[in-house]
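Engineer: with the input below, show me the fold.
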Amino acid sequence: MDKIILTTKLSIEDYVKINYHLLYRKWRFKLMTGIGIFMLISLLFTFDSFKEFPWVQLLLGLFLTVGQAISVYFSAKKNYKSNGRISERINYEFDRENIKVTGESFEAKSTWDKIYSVTENKDWILIWQNQQVANVVPKRDFKEGELQALKNIVSLHSKVINKLSK
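Structural biologist: Numbers count the residues shown, from 1 in each chain. Coordinates of the predicted model:
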């Protein structure tokens, strides 16, 4: 396959899910959530030993477990609604030399040597421009054989960090 052309559009649910994925893949957020869970569980076992209720421990534990998740949810929804490019229909063209991304209000073309990394999870292919910015391509939008063809194209470029399954 010489060229792969696909069209996608991220829903608000997609955008919220990818934000959770990107946040909770970082070890420090997993650690903070773990500390929050530990604080809440330790409250159950040490509750009788306090003279006054440990509100600070409860609130901090709740923030570290539930507060972060709620914050990500509302932040993602706000960003989706305020940044029109996120919700645009986007066309991707992949070939051996280039990636072309065309939205309703923008167009970008890049050679593969300018791509930092390509990663994969259960639902998405993430094409990283650098360590912080990625194009999100839902796997559901690839036709039969196109995903494997993309993996073959990425494997041709040794400068691209390839974290795609075989």
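Engineer: so what does residue 67 look like in phi/psi?
Structural biologist: Here is the backbone geometry of residue 67 (degrees, to the nearest 10): phi -60, psi -40.
Engineer: could you pick out the longest helix of the chain?
Structural biologist: The longest helix of the chain (DSSP state H) is helix 27-46.
Engineer: for stretch 36-56, measure first residue to last.
Structural biologist: Separation of the first and last residues of stretch 36-56 by CA to CA, to the nearest Å is 12 Å.
Engineer: what mean pLDDT does that stretch have?
Structural biologist: The pLDDT scores in stretch 36-56 average 82.
Engineer: and that stretch, what's buried?
Structural biologist: Residues of stretch 36-56 classed as buried by neighbour count (16 or more other CB atoms under 10 Å): 36, 39, 40, 54. Yep, even glycine has a C-beta here, placed from its N, CA and C like the rest.
Engineer: out of the residues you listed, which comes closest to residue 125?
Structural biologist: Nearest to residue 125, judged by CB to CB, of the buried residues of stretch 36-56 is residue 36 at 31.6 Å.
Engineer: give me the number of residues near residue 21?
Structural biologist: 15 (other CB atoms under 10 Å).
Engineer: host element of it?
Structural biologist: helix 12-24 (DSSP states H and E).
Engineer: now the strands for the chain?
Structural biologist: 3-8, 90-95, 98-102, 107-111, 117-120, 124-128, 134-138, 161-163 (DSSP state E).
Engineer: and the last one, what does it pack against?
Structural biologist: Going back to what we said before, that points to strand 161-163. Here strand 161-163 touches strand 117-120, going by 3 or more CB pairs under 8 Å, 6 or more residues apart in numbering; DSSP states H and E.
Engineer: also the third one?
Structural biologist: For strand 98-102, the helices and strands in contact under the criterion 3+ CB pairs under 8 Å, 6+ apart are strand 90-95, strand 107-111.
Engineer: for it, the averaged confidence score.
Structural biologist: Rounded mean pLDDT across strand 98-102 is 95.
Engineer: and for the first one?
Structural biologist: Averaging the model's pLDDT scores along strand 3-8 yields 94.
Engineer: using PDB, list the CA coordinates for that strand.
Structural biologist: What follows is strand 3-8 as a C-alpha-only set of coordinates in PDB (Å, rounded to 0.1, in the frame of the first residue of the first chain):
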ATOM      1  CA  LYS A   3      -0.600   5.700   0.500                       C
ATOM      2  CA  ILE A   4      -3.000   5.500   3.400                       C
ATOM      3  CA  ILE A   5      -5.800   8.000   3.500                       C
ATOM      4  CA  LEU A   6      -8.300   8.100   6.400                       C
ATOM      5  CA  THR A   7     -10.800  10.600   7.800                       C
ATOM      6  CA  THR A   8     -11.500  10.900  11.500                       C
END
